[in-house]
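Visitor: I'll drop the sequence and a predicted model, then ask my questions.
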2 protein chains.
Amino acid sequence: MARPRKFNEEEVLDAAARCFWTRGFDGTSLRGLSENTGLTGASLYNAFGDKRALYRKTLDRYVADSIVERIARCETLPPRTAIDAFFAEVIQRSLDDSDRKGCMLINAALEIAPHDAGFQDVVATTLFEMEAFFRRQIVAGKADGTIMASQSADDLARHLLGVLVGMRVLARIRPERALLEGIVAPALALLGVPKE
Amino acid sequence: MARPRKFNEEEVLDAAARCFWTRGFDGTSLRGLSENTGLTGASLYNAFGDKRALYRKTLDRYVADSIVERIARCETLPPRTAIDAFFAEVIQRSLDDSDRKGCMLINAALEIAPHDAGFQDVVATTLFEMEAFFRRQIVAGKADGTIMASQSADDLARHLLGVLVGMRVLARIRPERALLEGIVAPALALLGVPKE
DNA sequence: TGCATTTTATAACAGTCGATATAAAACTAG
DNA sequence: CTAGTTTTATATCGACTGTTATAAAATGCA
C-alpha cells in the first residue's frame, strides 16, 4: 500500500524514553532525539506527532511497564509482603540507577505537570493508583492480622506514598542503601510486623 | 567614585527568585528576568555575572531565609514540639502556595543538580542539615522521654527527611490538607506521643 | 508498468536563547 | 571642569530551538 517503515517502533520509543528520562523534556532537543533514535526529525514528526506527543507516549509506556506492572505483580502476594516487596524493589532499582535518572513520573510531575494540564492528569491519576494499591494492602493486612497499626488505612496509604516519593527523590542526590532503607524502615515498622 | 546603581539588590533578587522558583532554571529566560526585575540584561550580567550565578544567588537566599531560618527557629522549642512545629509550618506553607512553586531546593535538586556538581553540593549539604536537625531533636526527645520510638535516631531522622521531601513533592500535584497531614501523621505517631 | 500512498531525507524556516560589544550616562575625586 | 570609574541602554551576535515545506524513495495495487 505504501512505503514501509524501516524502524522498530518499540526500539525508537525506548531510545526516546532514555533521552527524556535522563535529560528531561526541555533538556532533550529534537536533534538529540534524532541522533539517539536513528530517525530524522521529519520521521519522528511523521510517526509520533510533535515533541510533546512523543514525550507523552514514552511516559505512558513508563507508567505501564514500570509502575502498573509492579503493582500488578506485588498485588499477587500476601498484603504485608506486597508492601515490603514493593519498597525493596524500588530501593534496588534506585541503587542500580547509575546515572541517577530517578522516577520518570516524578520527573514529569515537577518539570511539566505544573504548566500542562494533560500531564497533570496522568501524574495525578498514577499517584492515585499507587495510593490505592497501598490502601488495598493495608485494608487486607488489617483484616488478616499482618498489619496492626492504629492509624486509618487512608492515612497509612498516604504515608507510604509520601515515603515512596521522598525516597525516590532523595535517591537522586544520595543513592546510598543506608539512607534509602533508613527512610523506609520506620514506615514498615509502623505497620506492626518486622520485615523478616 | 562611579555611577551609582539605581536598583535595590534585594528587590531584584526577590524578583529573580520568583521567576526561577515558578518556571525553573531552563524555563526562565533572560528576557523574562529583565522584565520582572526591571533591569536590562546587560545590567543583570554586570551586577551578578551570568544566569547560573544569579540562580545560585537566589537559591542560596532561599536556603538561608526559608530552610536554615526555620530550623533555627524550631530548634529553640522542646525537641518533640520542634518536629511537630516544623512539619506544621511546611504543610501550611505548601497549602498557601497557590501557584504551586513547591520547594525551591527540591526543584533545584531535580532540575539542575543532576548535571551540575556545584548545585549538587548545595542540595546535598542542605539536605544533610535538615536530616541533622531531625536527628538532634530525636536524640534529645529520646533523652527527655518525649520520643519513645524503638528505631535508631539515624533511621528516624532519615525517615522524617523522606516524609518531608515526599510531602513537598506531592503537595505540588495534590495540595490538599487531608493528603499532606495524612502523609505526616503516621510518622509523628511513630515517635510515640500524640500531637496534642 | 504506472498510480496512489506513505515514509524518508534535505534543507530551511522564524523564533528564542544566553551573552556581549559599544558607547552614552551618572557619579566621585582631584 | 576634568579624569576616572561604574552602571546604564541599545543593538546585535552566533547558536540552537521546534517545526515544516519540498521532493525523492519505496512499497502494494491496478
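Guide: Done, it's in.

Visitor: make it CA atoms for all contacts and neighbour counts henceforth
Guide: Noted.

Visitor: and the closest residue to A:Phe20 other than its chain neighbours, backbone torsions?
Guide: Nearest non-adjacent residue to A:Phe20, counting by C-alpha to C-alpha, 6 or more residues apart in numbering or on different chains: A:Thr28, 6.0 Å away. Backbone torsions of A:Thr28, given as degrees, to the nearest 10, read phi -100, psi 120.

Visitor: cool, A:Ala149 as well?
Guide: Main-chain torsions, A:Ala149, degrees, to the nearest 10: phi -70, psi 150.

Visitor: just give the nearest non-adjacent residue to it, would you?
Guide: Excluding its sequence neighbours, the residue lying closest to A:Ala149 (C-alpha to C-alpha, 6+ apart) is A:Leu191, at 5.0 Å.

Visitor: mind listing what the one you found touches?
Guide: Shown in contact with A:Leu191 (C-alpha atoms under 8 Å, 6 or more residues apart in numbering or on different chains): A:Ile147, A:Met148, A:Ala149.

Visitor: helix/strand/coil for the first one?
Guide: Classification of A:Ile147 by DSSP: H, G, I helix; E, B strand; the rest coil places it in coil.

Visitor: repeat that for the one 4 residues further on.
Guide: Of the three states, A:Gln151 takes coil under three-state DSSP.

Visitor: quick one: residues contacting the closest residue to it other than its chain neighbours.
Guide: The shortest distance from A:Gln151 to any non-neighbouring residue, by C-alpha to C-alpha, 6+ apart, is to B:Pro186 (6.8 Å). Going by C-alpha under 8 Å, 6+ apart, B:Pro186 touches A:Gln151, A:Asp155, A:Leu156, A:His159, A:Leu190.

Visitor: B:Pro186 and A:Phe86: what is the separation?
Guide: 19 Å (C-alpha to C-alpha, to the nearest Å).

Visitor: cool, and A:Val63?
Guide: A:Val63 sits 15 Å away from A:Phe86, going by C-alpha to C-alpha.

Visitor: likewise A:Asp97?
Guide: To A:Phe86, A:Asp97 is 17 Å away according to C-alpha to C-alpha.

Visitor: with A:Arg5 instead?
Guide: A:Arg5 is 39 Å from A:Phe86, where distance means C-alpha to C-alpha.

Visitor: which of these two has more neighbours?
Guide: Neighbour count, other C-alpha atoms under 10 Å in any protein chain shown: between A:Arg5 and A:Phe86, A:Phe86 has more, with 17 against 9.

Visitor: look up phi and psi at that one.
Guide: Dihedral angles (degrees, to the nearest 10) for A:Phe86: phi -60, psi -50.

Visitor: how about the residues of chain A that lie near chain B?
Guide: Residues of chain A lying close to chain B (C-alpha under 8 Å from any C-alpha of the partner chain) are A:26, A:100, A:107, A:109-111, A:113-114, A:120, A:123-124, A:151, A:154-167, A:169-170, A:172-174, A:179-180, A:182-187, A:190.

Visitor: number of residues surrounding the residue nearest to A:Phe20?
Guide: Using other C-alpha under 10 Å: A:Thr28 sits among 17 other residues.

Visitor: repeat that for the one 10 residues further on.
Guide: In terms of burial, A:Gly38 registers 15 neighbours under the definition other C-alpha under 10 Å.

Visitor: which residue is the nearest non-sequential neighbour of it?
Guide: Using C-alpha to C-alpha, 6+ apart and skipping residues adjacent in sequence, the residue nearest A:Gly38 is A:Val12, 7.8 Å away.

Visitor: element containing that neighbour?
Guide: Counting by DSSP states H and E, the element that carries A:Val12 is helix A:9-23.

Visitor: so where's chain A uncertain?
Guide: A:1, A:3, A:193-196 (pLDDT under 70).

Visitor: next to DNA strand D, which bits of it? Give me the list.
Guide: Within chain A, the residues that sit near DNA strand D (C-alpha under 7 Å from any atom of the strand) are A:1-4, A:26, A:28-31, A:41-42, A:45, A:50-52.

Visitor: same thing but 10 Å
Guide: A:1-6, A:25-34, A:40-46, A:49-54 (C-alpha under 10 Å from any atom of the strand).

Visitor: what subset of the residues you listed is also close to DNA strand C?
Guide: Okay, of the residues of chain A next to DNA strand D touching DNA strand C (C-alpha under 10 Å from any atom of the strand), that's A:1-6, A:30-31, A:34, A:40-46.

Visitor: just flag the most distant two among the residues you listed.
Guide: Distances among those were taken as C-alpha to C-alpha; the most separated pair is A:Met1 and A:Arg31, at 30.3 Å.

Visitor: more crowded one of the two?
Guide: For A:Met1 and A:Arg31, the more surrounded residue by other C-alpha under 10 Å is A:Arg31, and the numbers stand at 12 against 3.

Visitor: what's the local residue count around the closest residue to A:Asp155 other than its chain neighbours?
Guide: What sits nearest to A:Asp155 in space, not counting adjacent residues and going by C-alpha to C-alpha, 6+ apart, is B:Gly182, at 4.4 Å. Residues contacting B:Gly182 under the criterion other C-alpha under 10 Å number 23.

Visitor: mind listing what B:Gly182 touches?
Guide: So B:Gly182 contacts A:Asp154, A:Asp155, A:Leu156, A:Arg158, A:His159 (C-alpha under 8 Å, 6+ apart).

Visitor: and what of A:Ile71?
Guide: In this structure, A:Ile71 makes contact with A:Phe86, A:Met130, A:Phe133, judged by C-alpha under 8 Å, 6+ apart.

Visitor: is it possible to export those residues to CSV including distance to A:Arg80?
Guide: Listed next are the contacts of A:Ile71 as CSV, based on distance: C-alpha to C-alpha, whole Å:
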residue, distance to A:Arg80
A:Phe86, 10
A:Met130, 15
A:Phe133, 12
